[in-house]
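Undergrad: structure for this input, please:
(4 chains)
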2 protein chains.
Amino acid sequence: MPVQHNNDLIENHLLAALPGEEYERILPHLEHVTLSLGQSLYESGKQLKHLYFPTTCIISLLYTMENGASAEIGVVGNEGVVGIALFMGGDTAPNRAIVQSAGDALKMKAAPLRGEFVRAGEFQLSLLRYTQALITQISQTAVCNRLHTIEQQLSRWLLLSHDRLQADELKMTQEMIANMLGVRREGVTYAAGRLQAEGLIKYARGHITILDRKGLEATVCECYRVVKDEYDRLLSQAMP
Amino acid sequence: MPVQHNNDLIENHLLAALPGEEYERILPHLEHVTLSLGQSLYESGKQLKHLYFPTTCIISLLYTMENGASAEIGVVGNEGVVGIALFMGGDTAPNRAIVQSAGDALKMKAAPLRGEFVRAGEFQLSLLRYTQALITQISQTAVCNRLHTIEQQLSRWLLLSHDRLQADELKMTQEMIANMLGVRREGVTYAAGRLQAEGLIKYARGHITILDRKGLEATVCECYRVVKDEYDRLLSQAMP
DNA sequence: CTTCATACGTGCGCCGCCGCACATTGTGCT
DNA sequence: AGCACAATGTGCGGCGGCGCACGTATGAAG
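TA: A predicted model of the protein is given here:
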């Protein structure tokens, strides 16, 4: 289905921040799609066909090892875009993009993207600034994986997801979170139990509710703040 | 000192791959600099002033926590460039760039870089492709930090350094490696001891020699291969 | 209302890594 | 040559996380 309402665009901050002229040029190339939980947007090493601008969904960038173990390297919501390899010139990436929270996105074909990108306008600047923010997120994930406990990383993960979510409840089992964080399911059970005991979250059978966001922010490691500040700085127009 | 010999350029693969026209335009903006071990090219949050194209040096991208703990997020040699935030539009980055192996580089001021970048020529394409390769390296660092042992990570780190080095010996104490990997110095002693016992490396007081590269490649985790393949694929002109 | 798969809880032994303390061995400097 | 210091070796207790096994609860399907 083609994009019918301008509101669709506004829901993605990168698109919403475009000046009218570029907005008009890009509009016809966007297609509204609904994505379901667990769906794959691209696979490791496979040619990317589209760019996805999330509006209400959340996408997780995952790397899966040969033995099946996996770990998340970043998360993308309506502040960003999925498929940066397309405009960075790689065409493929050695990771996967999986729908972590069902919802909608705007899909753009590769060909018009390239045409628009080489104009070196605001669209290109936005995409590149976003990419730098994503690099910070990935970097901080590396640091956090090295130096912090599961409980700290879970807090960081919950806050990053909450920032990209319109609600306080996310549908997500501990098993799924364990796959994202690259840890045992039991490890998540333990860490989530502690956060619940502190009254910061509440969870039950695949439903996690953020009860005390301030409290979470107070206990999370600095990694969250570093990433958040960098997103705010680089995407100030695009992330209110 | 200004660049006097074209050979200087050839030593950096990104510059060497430029077509003659762009090469001529960029040449006057490059300055040859010699960098010493431990020197900082930029600090966290500080305005970047220059882009550095390593020729014989190796640069480490590090993140340092508030409590002083640090971890490497990537390494750059003559296949790449330091200071991507300059052309990605961020101007600053929340990490540091430290000289890991003394040597030379070509330095380019921010202003002419921007002018050249917006021409959307081969220079821009090269820089962006390189950035994607770097993203893969950072991502794989995150995964490796999560899932692999110090010994595996040390192997990966040695191979990545060896790829960017002209020799088999690198000047590097175990203490420094520990800071890069974000682990204890004793952990590096133990892991290095095992690699030495297997006859893969030899080390003594700040001098590490790669004895059996094939052997190292056979024991390293898949993370190294993933990064290497992606660099080869994206920078095939630039990394022989 | 029962059934049943799915999600979560818990205990146990094990291992890798940490923090600390201290011994030992090179290396450069005078 | 001798000294001081930097680099490495080693041991020990502790902890966080792993793999495994099995128990418990809850929501949906019939």
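
Undergrad: quick check, pLDDT for the residue sitting nearest the centre point of chain A.
TA: Centroid-nearest residue in chain A: residue A:76, 1.3 Å away (criterion: CA atoms, centre = their mean). Residue A:76 is assigned 98 on the pLDDT scale.

Undergrad: gap between it and residue A:185?
TA: Taking CB to CB, to the nearest Å as the measure, residue A:76 falls 24 Å from residue A:185. Glycine gets a C-beta too; all of them are placed from N, C-alpha and C.

Undergrad: now do residue A:167
TA: Using CB to CB, residue A:167 is found at 24 Å from residue A:185.

Undergrad: neighbour count for the two, which is higher?
TA: The residue with more neighbours, out of residue A:167 and residue A:185, is residue A:185; 14 against 10, by other CB atoms under 10 Å in any protein chain shown.

Undergrad: I figured that one hits residue A:174, correct?
TA: Yes. Residue A:185 is within contact range of residue A:174, at 5.6 Å (criterion: CB atoms under 8 Å).

Undergrad: quick one, phi psi at the residue nearest to the centre of chain A?
TA: Dihedral pair for residue A:76: phi -130, psi 130, per degrees, to the nearest 10.

Undergrad: wait, it sits on residue A:61?
TA: Yes. Assessed by CB under 8 Å, residue A:76 is found in contact with residue A:61 at 6.9 Å.

Undergrad: name the SS class of the residue nearest to residue A:213 when sequence neighbours are not counted, please.
TA: Of all residues not flanking residue A:213 in the chain, residue A:162 sits nearest, at 6.7 Å (CB to CB, 6 or more residues apart in numbering or on different chains). For residue A:162, the assignment made with DSSP: H, G, I helix; E, B strand; the rest coil gives helix.

Undergrad: the one helix or strand residue A:189 maps to near DNA strand C anywhere?
TA: Using DSSP states H and E, residue A:189 sits within helix A:185-197. Yes. Under the criterion of CB under 7 Å from any atom of the strand, helix A:185-197 makes contact with DNA strand C via A:185-186, A:189-190, A:192-193.

Undergrad: direction included, what does the next helix or strand along the chain from that helix pair against?
TA: Going down the chain from helix A:185-197, the next helix or strand is strand A:201-204, by DSSP H and E. Note on strand A:201-204: by DSSP bridges, its sheet partners are strand A:207-210 (antiparallel).

Undergrad: where does chain A have low pLDDT?
TA: Of all residues in chain A, those with pLDDT under 70 make up the ranges A:1-10, A:237-240.

Undergrad: quick one: the strands in it?
TA: A:30-35, A:40-42, A:50-54, A:58-64, A:70-76, A:96-101, A:103-109, A:169-171, A:201-204, A:207-210 (DSSP state E).

Undergrad: in its sheet, what does the fourth one sit against?
TA: The strands beside strand A:58-64 in its sheet (DSSP bridges) come out as strand A:70-76 (antiparallel), strand A:96-101 (antiparallel).

Undergrad: pull the longest helix from chain A.
TA: Using DSSP state H to assign secondary structure, the helix with the most residues in chain A is helix A:122-147.

Undergrad: for residue A:85, what are its contacts?
TA: By CB atoms under 8 Å, 6 or more residues apart in numbering or on different chains, the contact set of residue A:85 is A:48, A:91-93, B:132.

Undergrad: can you tell me the closest non-neighbouring residue to it?
TA: In this structure, residue A:85 finds its nearest non-sequential neighbour in residue A:93, 4.3 Å apart by CB to CB, 6+ apart.

Undergrad: between the strands of chain A, which one is closest to residue B:211.
TA: strand A:58-64 (30.8 Å; CB to CB).

Undergrad: residues making contact with the closest one?
TA: By CB under 8 Å, 6+ apart, the residues outside strand A:58-64 that reach it are A:35, A:41, A:44, A:52, A:70-77, A:82, A:94-101, A:103, A:105, A:161, A:164-165, A:179-180, B:139-140, B:142-143.

Undergrad: if we go to 7 Å?
TA: A:41, A:52, A:70-77, A:82, A:95-101, A:161, A:164-165, A:180, B:139, B:143 (CB atoms under 7 Å, 6 or more residues apart in numbering or on different chains).

Undergrad: need the winner for burial among the strands paired with strand A:58-64.
TA: Of these, the one with the most neighbours on average (mean count of other CB atoms under 10 Å in any protein chain shown) is strand A:70-76, at a mean of 25.

Undergrad: so who does the closest residue to residue A:86 other than its chain neighbours touch?
TA: Counting by CB to CB, 6+ apart, residue A:86 lies nearest to residue A:48, which is 5.0 Å off, once chain neighbours are set aside. Residue A:48 makes contact with A:42, A:83, A:85-86, A:91-92, A:110, according to CB under 7 Å, 6+ apart.

Undergrad: can you give me phi and psi for residue A:48?
TA: The phi/psi pair for residue A:48 (degrees, to the nearest 10) is phi -80, psi 140.

Undergrad: relative to residue B:231, which of the residues of helix A:185-197 next to DNA strand C is nearest.
TA: Closest approach between the residues of helix A:185-197 next to DNA strand C and residue B:231, by CB to CB: residue A:185, at 34.7 Å.
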